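Chemist: Sequence below, structure please.
(4 chains)
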Protein chains: 4
Amino acid sequence: MHRVGIINVTSYMGAELVRLLAGHPGVKIASVTGRSAAGKPLADAFPHLARLNLMVREELDEDVDVVFSALPHAASAQQCLPFIRRGIPVVDLSADFRLKNVDEYQSWYGVEHPAPELLASSVYGLSELHRDAIATARIVGNPGCYPTGAVLALAPAVKAGLIEPDIIVDGKSGITGAGRGLGLAYHFSEADENLSAYALGGHRHLPEMTQELGCLAEAPAPRVTFAPHLIPINRGILSTCYATLKPHVAAGGAQERIRAAYEDFYDGERFVTVTPTPPQTKQTQGVNTCLVYPTVDTRTGRLIVVSAIDNLVKGGSGQAVQNMNLMLGYPEATGLDAVALYP
Amino acid sequence: MHRVGIINVTSYMGAELVRLLAGHPGVKIASVTGRSAAGKPLADAFPHLARLNLMVREELDEDVDVVFSALPHAASAQQCLPFIRRGIPVVDLSADFRLKNVDEYQSWYGVEHPAPELLASSVYGLSELHRDAIATARIVGNPGCYPTGAVLALAPAVKAGLIEPDIIVDGKSGITGAGRGLGLAYHFSEADENLSAYALGGHRHLPEMTQELGCLAEAPAPRVTFAPHLIPINRGILSTCYATLKPHVAAGGAQERIRAAYEDFYDGERFVTVTPTPPQTKQTQGVNTCLVYPTVDTRTGRLIVVSAIDNLVKGGSGQAVQNMNLMLGYPEATGLDAVALYP
Amino acid sequence: MHRVGIINVTSYMGAELVRLLAGHPGVKIASVTGRSAAGKPLADAFPHLARLNLMVREELDEDVDVVFSALPHAASAQQCLPFIRRGIPVVDLSADFRLKNVDEYQSWYGVEHPAPELLASSVYGLSELHRDAIATARIVGNPGCYPTGAVLALAPAVKAGLIEPDIIVDGKSGITGAGRGLGLAYHFSEADENLSAYALGGHRHLPEMTQELGCLAEAPAPRVTFAPHLIPINRGILSTCYATLKPHVAAGGAQERIRAAYEDFYDGERFVTVTPTPPQTKQTQGVNTCLVYPTVDTRTGRLIVVSAIDNLVKGGSGQAVQNMNLMLGYPEATGLDAVALYP
Amino acid sequence: MHRVGIINVTSYMGAELVRLLAGHPGVKIASVTGRSAAGKPLADAFPHLARLNLMVREELDEDVDVVFSALPHAASAQQCLPFIRRGIPVVDLSADFRLKNVDEYQSWYGVEHPAPELLASSVYGLSELHRDAIATARIVGNPGCYPTGAVLALAPAVKAGLIEPDIIVDGKSGITGAGRGLGLAYHFSEADENLSAYALGGHRHLPEMTQELGCLAEAPAPRVTFAPHLIPINRGILSTCYATLKPHVAAGGAQERIRAAYEDFYDGERFVTVTPTPPQTKQTQGVNTCLVYPTVDTRTGRLIVVSAIDNLVKGGSGQAVQNMNLMLGYPEATGLDAVALYP
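Modeler: Numbering: from 1, shown residues only, chains lettered A, B, ... in the order given. Below you'll find the predicted structure:
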């Protein structure tokens, strides 16, 4: 059994890691840390995890075989460094190892990167795009929730050169995406029965989208406008993506051509399904699935792609486990084969 | 007191008309009809309206001074015709008198129009755009909920020629927009904690947007892509609209220029507010307000406009009362000056 | 116009007072205070109130004709005292003037009462029970939200001596009842899709119920068990109350006898309706109504009464305005005649 | 592998059986039926089950080793009969094999029982009470969702003779409990942001509670008042139960005595946890757990017990799988060891 350590287990991402790893046949949760809860049973923070009898510690055991960190950026890399230096595989759920360009990181996050020298060898943990590199990586930067949905929605069209570089991503997220920290915008009485857009001046998940779509595109690089929205549900991100088809694609048979490109791209993928009808986030509740529905607005020659994920699973801890499986040599779906909780 | 008649009062739009008109000092609800509920007190269908002691009839009294119809399309025009012919002002909440082009109507709604000869003299009831014409009209086609939010969001930019004709409207609607008719998509257990897009092949509210924005634009006419989404809240539509700024606008000072154009356009408007921060639908709950927030994505030179309305009020019955006020000569805000129900 | 002052307007109760008083023809909101927001426009805290152009102050103007306080207990009486001493009518929405017994107050609230000498002349502001006393009072202790629903549900049966003194109140409240202060239990991601009971060891609203039902009962005094529950909705309290019928009542015709007692008791009441079917909280959304449904479980000889209110209106600010109307000599329903926001 | 058949798989209970059995190592879902969906892939009704590649049939294969039925009462027994007669183990999720008294059944359900001669040999499937009988039964009547929560909440106190026979059960259920059939009460716009009681004249789950608590009690039999409530969440039942302690219990140390009785009763139970604080339904989301919290209202000498379950799992399909495990000789928790989906 591989011994797993989880840093900051008292976050939603941390608790979700525990939920998923508890059902993984190859690992044992050996050590978990949390800031305020150190010294207490994990059940104090999360009674639904009582059966696992985990005690929250201030520091992670050194004797672990793989580390997940669910800390915020900067703090995360900092705490992962000792493990990284000892060669222990690390899946970092923060933003610290996602962006290749350290200036970009520093400008979006407003802090100095704790270990810029490691960016070159770390891998962006979107398994469907970087499977081989993840398998041999020691540091995986687990993708942000919005980029997971958006990049999986757009990758086939960008890769096949079917769309113009101007791309719009209208992101709609459930409120667990904001984490367990309190805030007026997430106070039930304010968030319930309410809809709003936020971060229209620029959201930190935008450079991830640009980086990853940029890798797939031939020049010119995609120009992405990203508008995130807060939706009163717990789990789920629906990403509605818009782009103009290139003239040769729009000319005829676009619907079929697009569909074929998506089915080819995701052929054989266990966790991405190209759906025959627009997907619902609830169909992904609790599971590591991304549902992708591409269609063409034939009146205007535009591509619309809608994708659905559970932001805490494929958009977070589930994808992190998928990455761990790749890194440790397990079949990719180990521990991730549950059926969605519906309704 | 003007005597009001309401056709199909047992719909949500009908009940909302009753709520609003009950507080209007110049009118009395004289006669209401409903299909299944005919012969019963309105309180049987809507106990919260019991105090008004209204009896649902099969046919509207002839002796009314103004008529609202909340029937579905085709049936609505049909039942309004006798009143129209007698010169009684009619506000039709269905689609029957919204589109000027009868072929467009027939192609989107799949029925023959019951009275195409009346389209020329009917007025699209978006008061902010057609105030004068409404004041002298006998037939007002009350706008659809989505077009109300989208057209108010885009009108200033289109009118001022600030954007390219390619426009994307990402609409997000609460579930009362689907009415009181049962359907699996609106079954609580399916709709709750869920997000999805629908009608991506073309929604009937699209031609309204194209028509109204087209009136405001110099050639070429806007090419609108409209993607509606179902959100698990009762009331509220958030419309997120995207368009590329014309080069001369994007060149510099775009943010200020856009803002000035919006503030000018809505200067003096009682029911449209240009907001300093992104609006929340809950801020419009129960009231006839449209909140509009324009901003510029300076990275890509795109305009983003977010608007918020209550789909049953400014997106329906409130706007209908606003139109009635204009038609009968009342100050526009009569009966519509309540404060939003927040939270 | 009477000049109104509102202390702690930045609470939900405060904002709701503004909403209701904005439509009251006899008053003008002259001065409002708030703790953190002092010196800022009220619109900063509550954008939906922007149209009223109110500025939040640190201290209330002296020149007001009536004062509402929405502060927490102890602080509330403290800040009301100067106005009380000058003979200005005060409606205190805190617990400070609800309990007649100062020891009871001090034991439940854990603080010394700031002005115990005023308890004798203050009146418990449940208008339906104390209408005459309120009309001549200078200090009204506005009832708690739970006691409003429970006491109105039980008063007719207690008063008529139809039930044994053992009473159970199962209270179910929307989350605005917890106010605007942040807390993990009210964090959207925790509260949404969740149900729980709380304060089973004793809730501060219990002594109010006991006091008010005790006034109505002949000896022995009622023995109330009260279990409150948190429900993921914004507004609304449903109180389900259980008591055993006295043998002479259970013997025959109990259903009719109970119903008659309730209809008699509430005959002519504008804000309490005895309903023919179990009420829904949504039927009271935004309005000052209490719906009461008494029925008999004939298998066991027990009375079940269900009542529904909007906790921020009849359970708070609406009732406060009703009390103000009585104190200032307005018809009781002035400013309170809106129709519920449904659905 | 045991071959499983599921009758009426297109209900929520049916889909939940599929979800749970898909993760059970000892069985294979061999045949599923549905009424309207016969001849179509199950994915048409439930896209989240697409991966299982099940085809809905009109009739169940004869060649199955165990049968679940999620049909409504009467129809269910009817369709199970052929399998029962061939000695195949049947878990019936309808009410047909729950009540021992056929007159009781016929009076509550208004139909003649299709096979009254089988009632004597069928077993009420509350594993914690009837484990041994279930293990040897051929027909298990899977309990109703409300009785599961209420009986588990009260069994220890009734069995130990700690409470008087007058019992009140205030049940609060999420809306999936009403199934997938459409109805105005379950229409999102009506159910959302709403609370109500229903079936106060008598709910069909009452006789199950009386029967099961009656088996545990010494005379006199419990007299249960049961009031169910509809709560706007998907999954979850919270049962708040009230009873008066017997005088010798109330006399002193009641809190400890009660707690000890509960911990003894559920000692070693895998699926029932006596909790240190009031439970939340969300802590049981998706899992076969019942959380039970007993406490004493020392002011009045009453016992209050709150229990929480997921109505589709421990209150339905999960318990059905638990029963199947007992019947087929699997360890009781096989396929049921997932962690709750929180938040």
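Chemist: isn't residue A:87 right up against residue A:138?
Modeler: Yes: counting by CB atoms under 8 Å, residue A:138 is a contact partner of residue A:87 at 6.4 Å. Any C-beta I mention is one placed from the backbone N, CA and C, and that applies to glycine too.
Chemist: Which one's more surrounded, these two?
Modeler: Each of residue A:87 and residue A:138 has its neighbours counted (other CB atoms under 10 Å in any protein chain shown); residue A:138 has more, 15 against 8.
Chemist: I'd like to know how many residues surround the nearest residue to that one once chain neighbours are set aside.
Modeler: The spatially closest residue to residue A:138, leaving aside those adjacent along the chain, is residue A:89, at 5.6 Å (CB to CB, 6 or more residues apart in numbering or on different chains). Burial of residue A:89 is recorded as 21 neighbouring residues (other CB under 10 Å).
Chemist: if I read this right, residue A:89 contacts residue A:326, doesn't it?
Modeler: No: with contacts counted by CB under 8 Å, residue A:89 stays clear of residue A:326, the gap being 9.9 Å.
Chemist: And residue A:159, how close does it get to chain D?
Modeler: Distance, residue A:159 to chain D, using CB to the nearest CB, to the nearest Å: 25 Å.
Chemist: Pull the contacting residues for the closest residue to that residue other than its chain neighbours.
Modeler: Setting aside the residues directly before and after it, residue A:159 is nearest to residue A:216 in space (CB to CB, 6+ apart), at 4.5 Å. By CB atoms under 8 Å, 6 or more residues apart in numbering or on different chains, the contact set of residue A:216 is A:129, A:155, A:158, A:159.
Chemist: Within range of chain D, give me the residues from chain A.
Modeler: Residues of chain A lying near chain D by CB under 8 Å from any CB of the partner chain: A:12, A:15, A:18-19, A:22-23, A:46-52, A:176, A:192-193, A:234, A:273, A:275, A:277, A:279-280, A:282-286, A:337-343.
Chemist: Give me the subset of the residues you listed that also touch chain C.
Modeler: Answer for those near chain C (CB under 8 Å from any CB): A:12, A:176, A:192, A:193, A:234.
Chemist: biggest separation within those, which pair?
Modeler: A:12 and A:193 (22.2 Å; CB to CB).
Chemist: Among the ones next to chain C among the residues of chain A next to chain D, which are located in strands?
Modeler: Among these, no member is found in strands (DSSP state E).
Chemist: Of the residues you listed, which is the nearest to residue C:69?
Modeler: Nearest to residue C:69 out of those is residue A:192 (CB to CB; 27.1 Å).
Chemist: Report pLDDT for the residue lying closest to residue A:38 once chain neighbours are set aside.
Modeler: Excluding the flanking residues, the one nearest residue A:38 by CB to CB, 6+ apart is residue A:58, at 4.2 Å. For residue A:58, the model assigns a pLDDT of 95.
Chemist: How about residue A:113?
Modeler: Value listed for residue A:113 in the pLDDT field: 98.
Chemist: mind checking the SS state of it?
Modeler: Three-state assignment for residue A:113 (DSSP: H, G, I helix; E, B strand; the rest coil): coil.
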